[in-house]
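Undergrad: structural data only, the sequence is not supplied:
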């Protein structure tokens, strides 16, 4: 979010924007894990898909995505808190811990994988709501890049949870490319914002489904409630280990 200083919140991260640091502020939030959480699943619970992908030359994340696509929204009763490294904005709680709630003998690894992606989406929605509550005027759409954009299911989950269109660029567009483009704009190597838009033209827009968004909204309420309900237990576990987070 780029703005001119209105609606600053201690719950989000704010810093001078590189292009116009004297007048504009860059504010952001979001999960401390997101992609790291998905990588953790692949490395620890997704070995069959990783090995199969290596044999047939297919990205293991694509195989995991195909399995998760068979699971309905809400992961049939699974709810995950993605705080596997504590959490930064908007909680600022280094003692928060990852949680998987609702497991039964019916659930599979695919359920857990989808629930991980849903947790990252809930975290995004939390930051969006904090920003809006402070008076920040956000664009309707939320753009994604990197590994998220390569998935066919994760951007759709983000759209359905946030209730916003999610444009995802086609091809390999990673965050460092955006950093380079913004730096070029700041030092005058790129003339204006339109040049950046012309550079990254091909996008697929994932649009939210109204019914799915309503279902996710009910689950999001439980997601927010769950952290508040078990925060003291999380902290006690960390303290029993003699840790500070």
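TA: Cool, the structure landed. These numbers come from a predicted model, not from an experiment.

Undergrad: other SSEs contacting the one helix or strand residue 229 maps to?
TA: Applying DSSP states H and E as the criterion places residue 229 in helix 210-240. With contacts taken as 3 or more C-beta pairs under 8 Å, 6 or more residues apart in numbering; DSSP states H and E, helix 210-240 sits against strand 79-81, strand 99-101, helix 109-133, helix 154-162. Where you see a C-beta, it was placed from the backbone N, CA and C, and this is true even at glycine.

Undergrad: most tightly packed of the ones you listed?
TA: Greatest average neighbour count among the helices and strands packed on helix 210-240 goes to helix 154-162 (a mean of 25), per mean count of other C-beta atoms under 10 Å.

Undergrad: quick check: next helix or strand after the helix or strand bottoming out on mean pLDDT in the chain?
TA: Considering only helices and strands, the least confidently modelled element of the chain by mean pLDDT, DSSP states H and E is helix 193-199, at a mean of 69. Next helix or strand after helix 193-199 toward the C-terminus (DSSP H and E): strand 203-206.

Undergrad: surely residue 205 is in contact with residue 167?
TA: Yes: using C-beta atoms under 8 Å, residue 205 is in contact with residue 167, at 4.9 Å.

Undergrad: looking at those two, which is more packed in?
TA: Set residue 205 next to residue 167 and count neighbours by other C-beta atoms under 10 Å: residue 167 wins out with 17 against 12.

Undergrad: doesn't that one belong to a strand?
TA: Yes: the assignment for residue 167 by DSSP: H, G, I helix; E, B strand; the rest coil puts it in a strand.

Undergrad: that one touches residue 207, doesn't it?
TA: No: counting by C-beta under 8 Å, residue 207 is not a contact partner of residue 167; they are 10.1 Å apart.

Undergrad: pretty sure residue 168 sits against residue 204.
TA: Yes: Residue 168 is within contact range of residue 204, at 5.4 Å (criterion: C-beta under 8 Å).

Undergrad: compare these two (neighbour count), which wins?
TA: Ranked by neighbour count (other C-beta under 10 Å), residue 168 and residue 204 place residue 168 first, with 24 against 12.

Undergrad: could you find the closest non-adjacent residue to that one?
TA: Spatial nearest neighbour of residue 168, excluding adjacent residues (C-beta to C-beta, 6 or more residues apart in numbering): residue 149 at 3.9 Å.

Undergrad: list of residues touching the helix or strand containing that neighbour?
TA: Take DSSP H and E as the rule and residue 149 turns out to sit in helix 147-150. Here helix 147-150 makes contact (C-beta atoms under 8 Å, 6 or more residues apart in numbering) with 34-35, 38, 59, 61, 154-155, 158, 168-169, 173.

Undergrad: that older thread, the helices and strands packed on helix 210-240: which one's closest to residue 47?
TA: helix 109-133 (10.1 Å; C-beta to C-beta).

Undergrad: next, the angle helix 154-162 makes with that closest one.
TA: Using axes from the mean of the first three to the mean of the last three C-alpha atoms, to 10 degrees, the inter-axis angle of helix 109-133 relative to helix 154-162 is 50 degrees.

Undergrad: I appreciate the help and will end here.
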